[in-house]
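Colleague: Model the structure of this input:
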Amino acid sequence: MIASRTLKTTTPTGELTAFVLAFPTPHGDGRCLVNVFDGPPGGVVVLSEIKSNPTTRVMDAWVPAIAATLGDDLGIVEPERLTGSEWYTHHGAFSYHYMELGPPTFTAIRLGWDGTAYTDPLEERRLLSAKDAESLAGRLGMSPVPEQLERLGEEV
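Modeller: Numbers count the residues shown, from 1 in each chain. Model (predicted):
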């Protein structure tokens, strides 16, 4: 469920919507910052790990549950609308209280659908190079995560 206000930004290439999403895990709800980009050539979803997410609920293990929650919250009933988008996880200094990470990283995810549920083949995940990560953030027009969290009234 969307657990924060929603930020909408018009970029030179489309619309960017950001919010904190609560998603189910066996240990209780997890939380992540979601940036949904709607523009050519297609949709992009970036899931950012944030410090307010408990360590027992790290988002990387729950991408299919996040996709299902996102689809429900946005009223998307056709799985192809989500599986046809580019998906990324995003980590950086904004991700954990207990460790310092270097520059922000993005990992490409191939979200799939098996006919009944979303899938996330781990062997197909790919860490973007620093140059590709910078290019992606520039293309999307994403504001830095701490700035987004502050504007949403969330822990930075």
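Colleague: Can you show me the helices along this protein?
Modeller: 63-74, 79-83, 130-140, 145-152 (DSSP state H).
Colleague: Out of the ones you listed, flag the one nearest residue 42.
Modeller: Nearest to residue 42, of all the helices of the chain, is helix 79-83, at 10.0 Å by CB to CB. For the C-beta atoms, the positions are set from N, CA and C on the backbone; glycine is no exception.
Colleague: Need the contact partners of the closest one.
Modeller: 43, 45, 67, 70-71, 76, 111-113, 118 (CB atoms under 8 Å, 6 or more residues apart in numbering).
Colleague: and it, average pLDDT?
Modeller: In this model, helix 79-83 carries a mean pLDDT of 92.
Colleague: which ones are touching the residue nearest to residue 117 when sequence neighbours are not counted?
Modeller: If the residues on either side of it in the chain are set aside, residue 117 comes closest to residue 64, at 6.2 Å by CB to CB, 6 or more residues apart in numbering. Contact criterion CB under 8 Å, 6+ apart gives 111, 117-120 as the residues in contact with residue 64.
Colleague: can you pull up the bridge partners for residue 14?
Modeller: Counting by DSSP bridges, residue 14 is bridged to residue 11.
Colleague: Can you check the pLDDT for it?
Modeller: 86.
Colleague: and if you look at residue 40?
Modeller: pLDDT at residue 40 comes out at 69.
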